[in-house]
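Participant: Sequence plus predicted model, see below.
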Amino acid sequence: MSSPLSSHRSSFVESVRGIPPSPRASRQPSLSQQAMQDLINNPPTKAGDPKFLGRDWRTIRVGEIVDPAQVRFVQYDTTVEEATNILVQNGAPNVVLLRDSETSRTATGTFDYSDLNAYLLLVVGLAHPDQSEVGSFDELAKKGREGKPIPLKDVKELGKKEPLVTISETADLSKAMEVFGSGVHRVLVTEDDTSNVVGVLTQLRLVKFFWENRQSFPAVDQLYPYLIKDLSIGSHSVYAINGDKPLTDALELMNNEGMSSLPVLDNQNNVIGNISHVDVRLLTKSTSLPLLRSSCIHFISVILSERGVNDGKDSFPVFHINPFSTLAHTVAKLVATRSHRMWVVDTPSPASSGPPTPAATPAILVPPSPITPLPSTFPGMSVTTTTPSHLNSTAAPAISASAIPGASLSGRLSGVISLTDVLNLFAKASGLHPHDPDEARQARRRSSSSSMRRSIDSSRSISSRRESMSDRNAGLGIIRGRGATGS
């Protein structure tokens with residue numbers, strides 16, 4: 001028989017009496033709002049290489065910052081598919097060097113994602129060669145549609161090629177800065193007094209070098225706390241495309257204008273995404289044909305799906321900044337996203353009487369499959385000077401812009417800041433006199449305008465007079481129609 005004490009059941013209040021309060025009740029936030037803002041304005045960097053400490057960056061040799069392991073050679077009889085797989089598997093610097101023989105270390109050409117874009121446009125019938133080249137291009141497109149191997153020697157002249165610039169490994173970085181200031185995005189680094197390539201130096205690699213070793217170069221490091229609006233860099237002239245336009249329009253625009261990326265906008269000019277020439281890799285498989293009929297927004301959703309499936313990342317690539325972002329914040333984003341440019345945005349436009357997004361019909365997203373050869377047949381296709389009928393389908397997949405994760409975090413497109421702008425700023429702060437980035441842009445566009453190309457009605461040019469990004473009263477003009485270009 002149990003005693004009265006042993007049969008007594010403790011009440012809930014008694015059972016919890018005396019238990020110390022939860023630490024969560026008195027825990028302070030790990031970062032205050034001000035500390036969080038300071039972290040955004042001045043992101044941390046890795047410890048710099050001690051061998052550069054105390055040195056003038058202008059005297060550092062080019063060969064000291066390139067990686068010979070990133071040099072990848074192929075011969076001209078290598079197929080487009082094989083070269084594409086090399087690009088996809090190896091990443092930076094996103095270029096394959098062409099050589100005349102297997103034993104040569106001299107580059108006589110290059111193959112990159114821009115060339116792949118031009119090739120795909122040819123195969124689907126959207127390339128527009130000169131009249132004298134129509135016959136050979138038709139034959140090449142036919143072979144591609146039939147799934148026959150296409151050697152690089154047959155496609156090396158398709159894309160808009162940057163000049164093949166070489167620089168000695170013993171040259172200093174100030175020499176490389178002069179070349180990049182003229183609008184060139186990469187240089188081949190050669191052994192001293194030879195043509196043997198030992199490295200590839202890109203604008204992005206040089207910006208990353210300055211960022212990671214910022215404490216070693218005070219003249220550059222002092223610029224990072226400044227706001228973009230106070231630095232007088234960037235341009236208000238921006239090519240962009242509406243999210244409900246066909247993906248093929250975006251590919252053509254990037255190819256025709258020699259651009260590596262393009263902002264995708266909603267109907268109020270808010271940035272909702274970004275399409276890069278590197279994303280063209282997702283179109284080199286037989287299952288990707290429907291994507292060519294899809295909208296730009298749908299392609300962005302596929303890009304995000306691919307990140308989740310292949311990289312395990314559920315993320316929204318942020319390719320925009322605002323005039324009140326610091327240079328440190330801007331450069332950190334360029335390096336983290338491996339981008340050539342950041343889109344400058346203002347406060348998002350308010351909702352209008354029309355639909356706030358290009359399309360409201362949801363789509364089923366099918367994650368991309370691994371790289372496979374181009375399809376063996378393209379039913380009903382022909383190479384013409386107009387868009388093929390199979391790409392005019394009105395059943396193009398669409399997805400709401402508001403459904404893109406993070407789309408509401410951007411704003412209204414007002415300008416662009418490129419790697420060229422950043423490097424020119426660093427050069428000027430160090431006493432150099434680099435080329436004017438705007439002159440390089442205008443020269444490229446004059447060259448593009450003089451070449452034969454089909455105008456894209458969906459392209460936009462957001463332009464104003466040349467001025468600093470600090471002038472927020474700049475007019476915003478959208479030019480539509482055939483032959484629209486930025487002023």
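Facilitator: Noted; the coordinates are in hand.

Participant: Hmm, residue 253 is touching residue 260, no?
Facilitator: No - because the distance of 11.9 Å does not satisfy C-beta atoms under 8 Å, residue 253 is recorded as not touching residue 260. For glycine as for every other residue, the C-beta is placed from the backbone atoms N, C-alpha and C.

Participant: so the residue nearest to residue 155 when sequence neighbours are not counted, which of the three states?
Facilitator: Distances taken as C-beta to C-beta, 6 or more residues apart in numbering put residue 119 closest to residue 155, at 5.1 Å, once the chain neighbours are dropped. Recorded secondary structure, residue 119: helix (DSSP: H, G, I helix; E, B strand; the rest coil).

Participant: which of residue 253 and residue 260 has more neighbours?
Facilitator: residue 253 (22 against 19; other C-beta atoms under 10 Å).

Participant: Distance-wise, check the more buried one relative to residue 294.
Facilitator: Separation of residue 253 from residue 294 (C-beta to C-beta, to the nearest Å): 16 Å.

Participant: for residue 165, same thing?
Facilitator: Applying C-beta to C-beta, the value for residue 165 to residue 294 is 37 Å.

Participant: returning to that earlier point: could I get the contacting residues of the residue nearest to residue 155?
Facilitator: 80, 144, 150, 155, 158, 159 (C-beta atoms under 8 Å, 6 or more residues apart in numbering).

Participant: Next, residue 171: phi, psi?
Facilitator: Backbone torsions for residue 171, taken as degrees, to the nearest 10, come to phi -70, psi 150.

Participant: number of nearby residues for it?
Facilitator: So residue 171, with other C-beta under 10 Å, has 18 neighbours.

Participant: so it makes contact with residue 64?
Facilitator: No - Residue 171 lies out of contact with residue 64 (C-beta under 8 Å); the separation is 10.9 Å.

Participant: Flag every buried residue along stretch 218-226.
Facilitator: For stretch 218-226, burial by neighbour count (16 or more other C-beta atoms under 10 Å) applies to 220, 221, 223, 224.

Participant: can you put these in CSV and add pLDDT and distance to residue 45?
Facilitator: Below are the buried residues of stretch 218-226 laid out as CSV (pLDDT from 0 to 100; distance: C-beta to C-beta, whole Å):
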residue, pLDDT, distance to residue 45
220, 94, 12
221, 94, 10
223, 96, 14
224, 96, 10
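
Participant: Find the residue closest to residue 160 in space, skipping its chain neighbours.
Facilitator: Spatial nearest neighbour of residue 160, excluding adjacent residues (C-beta to C-beta, 6+ apart): residue 258 at 4.4 Å.

Participant: Touching, that neighbour and residue 114? I think so.
Facilitator: Yes - Residue 258 is within contact range of residue 114, at 7.5 Å (criterion: C-beta under 8 Å).

Participant: ok, back up a step: out of residue 165 and residue 294, which sits in the busier spot?
Facilitator: Taking neighbours as other C-beta under 10 Å, residue 165 and residue 294 compare with residue 294 leading, 22 against 15.

Participant: shouldn't that one be in contact with residue 245?
Facilitator: No - when contacts are counted by C-beta under 8 Å, residue 294 is not listed as touching residue 245 (10.5 Å).

Participant: Now the nearest residue to residue 106 once chain neighbours are set aside: phi and psi?
Facilitator: Computed as C-beta to C-beta, 6+ apart, the closest residue to residue 106 that is not its neighbour in sequence is residue 195, at 4.3 Å. When quoted as degrees, to the nearest 10, the phi and psi of residue 195 stand at phi -110, psi 10.

Participant: likewise the one 10 residues further on?
Facilitator: When quoted as degrees, to the nearest 10, the phi and psi of residue 205 stand at phi -60, psi -40.

Participant: I'd like the distance between it and residue 66.
Facilitator: On the measure of C-beta to C-beta, residue 205 and residue 66 end up 7 Å apart.

Participant: Residue 258 and residue 114: which has the busier surroundings?
Facilitator: A side-by-side neighbour count of residue 258 and residue 114, using other C-beta under 10 Å, places residue 114 first with 25 against 19.

Participant: Surely the more buried one is within a strand?
Facilitator: No - according to three-state DSSP, residue 114 belongs to no strand; its state is helix.

Participant: State the distance from it to residue 73.
Facilitator: When distance is defined by C-beta to C-beta, residue 114 is 19 Å away from residue 73.

Participant: same question, residue 266
Facilitator: The gap separating residue 266 from residue 73 is 44 Å, by C-beta to C-beta.

Participant: Also residue 257?
Facilitator: Taken as C-beta to C-beta, the span from residue 257 to residue 73 is 29 Å.

Participant: for this protein, what helix or strand is lowest in average pLDDT?
Facilitator: Scoring the helices and strands of the chain by mean pLDDT, DSSP states H and E places strand 477-478 at the bottom, with a mean of 32.

Participant: mind listing what residue 432 touches?
Facilitator: 58, 174, 177, 178.

Participant: If you could redo that for residue 151, that was the one I meant.
Facilitator: Per C-beta under 8 Å, 6+ apart, neighbours of residue 151: 76, 77, 78, 79, 80.

Participant: Regarding residue 167, which helix or strand does it belong to?
Facilitator: Per DSSP states H and E: residue 167 is located in strand 166-168.

Participant: now residue 40
Facilitator: Element membership for residue 40, per DSSP H and E: helix 33-41.

Participant: what's in contact with the next helix or strand after that helix?
Facilitator: The C-terminal neighbour of helix 33-41 among helices and strands, as given by DSSP H and E, is strand 73-75. Applying C-beta under 8 Å, 6+ apart, the contact partners of strand 73-75 are 82-83, 86, 96-102, 104-105, 107, 111, 152, 197.

Participant: one step back: which helices and strands sit right next to the strand holding residue 167?
Facilitator: In terms of contacts (3 or more C-beta pairs under 8 Å, 6 or more residues apart in numbering; DSSP states H and E), strand 166-168 is packed against helix 173-181, strand 186-190.

Participant: worst average pLDDT in these?
Facilitator: Among these, helix 173-181 carries the lowest mean pLDDT, a mean of 91.

Participant: Check which residues of that helix are buried.
Facilitator: Applying 16+ other C-beta under 10 Å to helix 173-181 flags 173, 174, 176, 177, 178, 179, 180, 181 as buried.

Participant: Using PDB, write out every CA atom in that helix.
Facilitator: C-alpha atoms of helix 173-181 as PDB (Å, rounded to 0.1, in the frame of the first residue of the first chain):
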ATOM      1  CA  LEU A 173      49.900  44.600 -64.500                       C
ATOM      2  CA  SER A 174      49.900  48.200 -65.600                       C
ATOM      3  CA  LYS A 175      50.400  46.900 -69.200                       C
ATOM      4  CA  ALA A 176      47.500  44.500 -68.800                       C
ATOM      5  CA  MET A 177      45.300  47.300 -67.400                       C
ATOM      6  CA  GLU A 178      45.900  49.300 -70.600                       C
ATOM      7  CA  VAL A 179      44.700  46.400 -72.700                       C
ATOM      8  CA  PHE A 180      41.600  45.800 -70.600                       C
ATOM      9  CA  GLY A 181      40.800  49.500 -70.800                       C
END
